[in-house]
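# Quick one: sequence and predicted model below, then my questions.
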Amino acid sequence: MRKTWILLALLLLCATLMLPAAPKTTLRLWSWNNEGDYPAVFEQIIARFETANPNAEVEIQWVPYTEYNEKLKATIAAGDYPEIPEIHPIHPGSPMYSLYQAGELLSLNDALKTGFPKYFPSALADLTFEGNTYSIPLDVNNLTVFYNKNIFKKVGQKIPETVDDLISLGKALKAGGYMGIAHGAKDGWPAGDLYFQMLAYSDGSHTMLRKADFGKLTWNRPEFIEAALQILKMNANGVFPPGTAAVDYFTGAVQLFTQQKTAMFYPAGSWIVGGFDTGFPEGVEYGLFPFPRISKVQDSASTGGVATNWGVLKKAKNQDLVLAFYRIAADMKSAQILIDHSMIPPYAVNIQAKREILADMIKAQAIAQTRFVFTPELHSQVMSGVQGLFTGEVSAAQFVAALDRVEKTIKR
């Protein structure tokens, strides 16, 4: 009898081993960030998730940056809903805002109450509409001025505190054979970021940009005009190299800085550190400081926001697993992965960055203000209008008047 039971147990075991394994649940992660360190970061977070959830797997689908929003909208229109869609607030074509307007995104207010860290307010502010948060940031960036410490020491200059200090610094640099701030205004977005930076100082409430963006405030206000006037003032007084309006960001501006023709570079963030590390000659040291204030009585501010972020589509399957993935991506082990790859977590951490410049960027995130205009038509007008400030074709008054004209054409 005993032998019979043993035989039956062995047969049952063999039958069990011969059964096909249950299929894994596949979550599709859509992203355009297939360059730099992002693929390595994604792979490590995915590996941690799959270890914790052996019956699930994550597959990455890389979509070109310029095609991303249209492909995502077309896929959704066809009734397909990627489980982990990257939905950046403004690039490309304001995907998050358009999905919010279409009612495709799930509010994450309740989900964020359990298992998620306390995010920087500035990180969630640009992911929240009408009191509901619709996206979860993986990392953030902030924009500051990078400066060549060797050049500053050579000409005997210190970090400027105000725009007037910056203008005086530019004159001292010119006397020493250097130019001021390398800036790729030709590409549009760097010029736009300079405008948002000056607005962070001209609007002490830090609320007007979003109100104007949503049609609740006219652009023809002193604060919006003052930000444009500051750009005209700096450009007229030699803060930027001649012909900056025709200089692109990733080639022209970067080369001006790494070839030590300029002493400073703006806008700079974590994404550009690797390029400077390899571009500078050996022995060059560089650091960062917040863009100088309009007035000494103001507090320093940087601008910034989310870098990579993900949402949950209302009709996507396996939402509990998706949120489990997001929670792993937001824990302290993933924060360490981000910092190891020179990225900034969107919440406070007690992790020592290996490099001083990254530690300084993490500190700067606490004072970061928004750099986003969600309405596509207004966003495009800001970019082109600021370029006009650099070429001298547009006055401050004309800059804001054009934004008001665009606003009148928008159906809300």
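Arrived safely, thanks for sending. Every value quoted in this text rests on a predicted model; they were computed, and no experiment measured them.
# can I see the domain layout of the protein?
The chain breaks down into these domains under automatic domain parsing: 24-137+308-342, 141-304+371-409.
# The longest one spans what distance, first to last residue?
Distances were taken as Cα to Cα, to the nearest Å; on that basis the terminal residues of domain 141-304+371-409 are 32 Å apart.
# Chain neighbours aside, what residue packs nearest to residue 115?
residue 327 (4.3 Å; Cβ to Cβ, 6 or more residues apart in numbering). Bear in mind the C-beta positions are built from the backbone N, C-alpha and C, glycine included.
# contacting residues around residue 119?
137, 346, 347 (Cβ atoms under 8 Å, 6 or more residues apart in numbering).
# what about the first one, distance to residue 310?
Which is residue 137. 8 Å (Cβ to Cβ, to the nearest Å).
# phi, psi of residue 125?
Per-residue torsions, residue 125: phi -60, psi -40 (degrees, to the nearest 10).
# Which parts of the stretch 101-250 of the chain are helices?
Assigned by DSSP state H, counting those that start in this stretch, the stretch 101-250 of the chain shows helices spanning 121-125, 149-155, 163-175, 189-202, 208-213, 222-236.
# where in this protein is pLDDT low?
1-22, 90-93 (pLDDT under 70).
# can you pull out the strands in it?
25-31, 56-62, 84-85, 128-129, 132-133, 136-137, 140-148, 179-182, 262-268, 286-289, 302-306, 309-310, 368-370 (DSSP state E).
# how about these, which one is nearest residue 204?
Between residue 204 and the strands of the chain, the shortest separation by Cβ to Cβ is 10.5 Å, and it involves strand 368-370.
# Residues touching the closest one, excluding its own?
With Cβ under 8 Å, 6+ apart as the contact definition, strand 368-370 has outside contacts at 120, 122, 125-126, 140, 142, 196, 200, 206, 209-210, 301-305.
# how distant is that strand from the center of its chain?
Averaging C-alpha positions (Cα atoms, centre = their mean, to the nearest Å) puts strand 368-370 11 Å from its chain's average.
# Quick one: which of the contacts of residue 119 is the most crowded by neighbours?
residue 346 (29 neighbours; other Cβ atoms under 10 Å).
# how much distance is there from stretch 44-64 to the middle of the chain?
The answer for stretch 44-64 is 23 Å, by Cα atoms, centre = their mean.
# Ends of it, what's the gap?
So stretch 44-64: terminal residues 22 Å apart, Cα to Cα.
# What residues does residue 164 make contact with?
Counting by Cβ under 8 Å, 6+ apart, residue 164 touches no other residue.
# Please apply the same query to residue 212.
Residue 212 neighbours (Cβ under 8 Å, 6+ apart): 218, 219, 221, 224, 378, 403, 407.
# Include distance to residue 245 and neighbour count when you put those into JSON lines, please.
Output for the contacts of residue 212, formatted as JSON lines (distance: Cβ to Cβ, whole Å; neighbours: other Cβ atoms under 10 Å):
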{"residue": "218", "distance to residue 245": "27", "neighbour count": "14"}
{"residue": "219", "distance to residue 245": "22", "neighbour count": "23"}
{"residue": "221", "distance to residue 245": "26", "neighbour count": "15"}
{"residue": "224", "distance to residue 245": "21", "neighbour count": "25"}
{"residue": "378", "distance to residue 245": "21", "neighbour count": "20"}
{"residue": "403", "distance to residue 245": "19", "neighbour count": "21"}
{"residue": "407", "distance to residue 245": "25", "neighbour count": "20"}
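# Out of these, which two are the most distant from each other?
221 and 378 (14.6 Å).
# one step back: which of the helices of the stretch 101-250 of the chain sits closest to residue 411?
helix 208-213 (15.1 Å).
# Pipe the domains of the chain into TSV and attach distance to residue 351 per row.
TSV is the format used below for the domains of the chain (distance: least, Cβ to Cβ, whole Å):
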stretch	distance to residue 351
domain 24-137+308-342	5
domain 141-304+371-409	15
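# what comes up buried for stretch 316-329?
Buried residues in stretch 316-329, counted by 16 or more other Cβ atoms under 10 Å: 316, 321, 322, 323, 324, 325, 326, 327, 328, 329.
# meant to ask about stretch 254-272, not that
Going by 16+ other Cβ under 10 Å, stretch 254-272 has these buried residues: 254, 256-258, 262-272.
# Then stretch 379-386?
Counting neighbours by 16+ other Cβ under 10 Å, stretch 379-386 gives 379, 381, 382, 383, 385, 386 as buried.
# mind listing which of the residues you listed are in helices?
Those of the buried residues of stretch 379-386 mapping onto helices are 379, 381, 382, 383, 385, 386, per DSSP state H.
# contacting residues around the last one?
Neighbour list for residue 386: 185, 188, 191, 192, 194, 195, 228, 231, 399 [criterion: Cβ under 8 Å, 6+ apart].
# hmm, which two among those residues are most spread apart?
The widest separation within these (Cβ to Cβ) is 15.5 Å, between 188 and 228.
# So the two - more neighbours on which side?
For residue 188 versus residue 228, neighbours defined as other Cβ under 10 Å are more numerous around residue 228 (24 against 17).
# The more buried one against residue 396, yeah?
Yes. Between residue 228 and residue 396 there is a contact under Cβ atoms under 8 Å: 3.8 Å.
# what is in contact with those two at once?
residue 389.
# Spell out for me which residue occupies the centre of the protein.
Nearest to the mean C-alpha position of the chain, counting by Cα atoms, centre = their mean, stands residue 307 at 3.0 Å.
# ok, that one to residue 318 distance?
Distance from residue 307 to residue 318, by Cβ to Cβ: 25 Å.
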